[in-house]
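Asks: my questions concern the predicted model and sequence given below.
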Amino acid sequence: MRLPRSFYERDVLDVAPELIGKMIFRKSADGLSGYLITEVEAYRGTEDQASHARFGKTKRNAVMFESGGLLYVYFIYGMYWMVNIVTGRAEQPQAVLIRGLKETDGPGRVARLLAVDRSFYGESLAVSDRIWIEDHQVVLPVIQKPRFGISYAGEPWKSMPWRYIMVPLPRNS
DNA sequence: AGCAAGATCGGT
DNA sequence: CCGATCTTGCTG
């Protein structure tokens, strides 16, 4: 079943690891597809010097200041869309960047696979008929590592272990 | 008003 | 390792 808004209206450090192993669904004219979430990163508050919220509220990041459950989509490097999920309470800017799905690694590729663009800015995962996340009753082990691509943030932010990765399942053979 | 840098990716 | 490609938000 679809995750309710209350799932997202909690601290990003609680929500982010729980997103690992969940299925994100996308419905379009091409049909319905579901993808397993394998890697995410958390961005937390205006004090987090790696976050777009570090300069306060701007036109681009305004949705981060809403309460959780909305999509924060932005364009970067002239060619890539990034798909983020807003978490937490209003006026506490937080978001989770989706960095990997079972089919692909990398946030730019994730947006391309999900066919998400600017039109999804502010979309509500709790009510949208074209994108949502579903719960399932499986709890997966998750490991944490530092976030990528944020060396400008300085310490301690660039070292915070706020990237969450699904532990690869043991192989046979 | 101008500009440097960017939560990246793919080819060399 | 570097170029692509363009939006953003800071600086002046």
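Replies: That came through fine.

Asks: close to DNA strand B, is the longest strand anywhere in chain A?
Replies: Selection of the longest strand in chain A by residue count, based on DSSP state E, yields strand A:31-44. Yes: against DNA strand B, strand A:31-44 shows contacts by CB under 7 Å from any atom of the strand at A:Glu41, A:Tyr43. (C-beta placed from N, C-alpha, C; glycine too.)

Asks: pull the residues that contact the following helix or strand past that strand.
Replies: Beyond strand A:31-44 in the direction of the C-terminus, DSSP states H and E gives the next helix or strand as strand A:71-76. Strand A:71-76 is contacted from outside by A:52, A:60-61, A:63-64, A:81-86, A:95, A:111, A:116-118, A:120-125, A:131, using CB atoms under 8 Å, 6 or more residues apart in numbering.

Asks: for stretch A:106-124, same thing?
Replies: Counting by CB under 8 Å, 6+ apart, A:5, A:24, A:26, A:28, A:35, A:63, A:66, A:69-75, A:77, A:79-83, A:97-101, A:103-104, A:130-131 sit against stretch A:106-124.

Asks: give me the PyMOL select line for the residues you listed, limited to the buried ones.
Replies: Buried residues within these, by 16 or more other CB atoms under 10 Å, are selected in PyMOL with:
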select buried, chain A and resi 24+26+35+63+66+69+70+71+72+73+74+81+82+83+97+98+99+100+101+131
